[in-house]
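Student: requesting a structural model of the entry that follows:
(chains A, B and C)
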Amino acid sequence: MPELPEVETTVQGLVPVLEGRRLTNVEARRADLRRAFPPDLRQRLTGARVVGLHRRAKYGLIDTDRGDTLVFHLGMSGRWRIDPEEPLGPHDHFVLETEEGRRAVLNDPRRFGSLDLVPTAALGEWEAFAKMGPEPLGDGFTADYLLAALAGRSAPIKAMLLDQRIVAGLGNIYVCEALHMAGISPTRAAGRISRPRLERLVEAIKAVLAAAIEAGGSTLRDYARPSGELGYFAKQWRVYGREGESCGCGGPVRRRVDSGRSTFYCPRCQRV
DNA sequence: AGACGTACCTGACCGC
DNA sequence: TGCGGTCAGGTACGTC
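Tutor: Now for the predicted structure:
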């Protein structure tokens, strides 16, 4: 699930539990996810007060009053559970407990996620963020920006939109959706898309992300409940996961695979 | 440099 | 019921 909207709603869901709270208990139940945890993770967090929660691209940021930021990435299967009633399971890897006795538990079966502790003042230079492109919902993400960023690039537009150095936070689902909304073929060479069509694309990206955050916000309430489990995100997608179904135009939605990744699209609506 | 494929890991699902 | 194959939101790295 976790693309930008899911990380955004996750961070929003952590705010009432963690913001302004002191972390009285921090437990790493294994030493790594995709990468090793910082060895001093526990010492640096225990006793610290959370002073802010933010998101950058698909990363969640938890700032403490010690000048550290806990940076989490959910990978493919990560999620935070709030005050779980069941005993912790094998995929519950990391626990933050506040002085109020509330718990946030990071669960990640596939373990493609990550946890890092970065000095808050140096976040901009942190490796993953240093070369990252603009936030798609920010003012810096415009048709002019995209035009310049894609100039001369022969790779398909879909691959470019997944490249976090071009724009940071999009994943497979929302790229498919945005390209469909904008009527652009996923295989179109990125550097050969006209400015007016890039304008449509930028608008489509902002619209689909905003709508997904809105939808995620409504289901997160269920998610944050003790019983956990999902609903998570309503499937109102136009093409993603809809191979063989009919597009709004009447034509069939197709799926193709490149580099092991599925692309869903409508050949009629997305000719070029 | 850029484009592309593969690896990482587990669980869900499908057909036999 | 069990078993093997396929697929899944992510990024990083190797190779041409």
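Student: who touches A:Gly124 in this structure?
Tutor: A:Ala130 (C-beta atoms under 8 Å, 6 or more residues apart in numbering). All C-beta atoms are positioned from the backbone trio N, CA, C, and that covers glycine.
Student: change it to 10 Å
Tutor: With contact taken as C-beta atoms under 10 Å, 6 or more residues apart in numbering, A:Gly124 is in contact with A:56, A:118, A:130, A:132.
Student: how about A:Leu179?
Tutor: Counting by C-beta under 10 Å, 6+ apart, A:Leu179 has contacts A:156-158, A:161, A:185-188, A:201, A:204-205, A:208, A:239, A:263-266, A:269-270.
Student: how does it look with 6 Å?
Tutor: A:Leu179 makes contacts with A:Pro186, as judged by C-beta atoms under 6 Å, 6 or more residues apart in numbering.
Student: again with the one 4 residues further on
Tutor: A:Gly183 makes contacts with A:269-270, as judged by C-beta under 6 Å, 6+ apart.
Student: just to revisit the earlier point, buried members of the contacts of A:Gly124 into ChimeraX, please.
Tutor: Buried members of the contacts of A:Gly124, defined by 16 or more other C-beta atoms under 10 Å, are picked up in ChimeraX with:
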select /A:56,118,132
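Student: tell me which two in the contacts of A:Gly124 are the farthest apart.
Tutor: Pairwise distances across these (C-beta to C-beta) peak at 13.6 Å, for the pair A:Val118 and A:Met132.
Student: now the helices for the stretch 51-200 of chain A?
Tutor: Assignment of helices within the stretch 51-200 of chain A using DSSP state H, counting those that start in this stretch yields the ranges A:127-130, A:143-150, A:157-162, A:172-182, A:195-224.
Student: any buried residues in the last one, and which?
Tutor: What it means is helix A:195-224. A:197-202, A:204-205, A:208-209, A:212-213, A:215-216, A:220, A:223-224.
Student: same check, this time on stretch A:171-186
Tutor: Buried positions in stretch A:171-186, judged by neighbour count with 16+ other C-beta under 10 Å: A:171-186.
Student: and A:Phe37, how close does it get to DNA strand B?
Tutor: Distance from A:Phe37 to DNA strand B, counting by C-beta to the nearest atom of the strand, to the nearest Å: 15 Å.
Student: that should have said A:Cys249, apologies.
Tutor: 27 Å.
Student: right, and that residue touches A:Pro267 too?
Tutor: No: using C-beta atoms under 6 Å, A:Cys249 is not in contact with A:Pro267, being 10.0 Å away.
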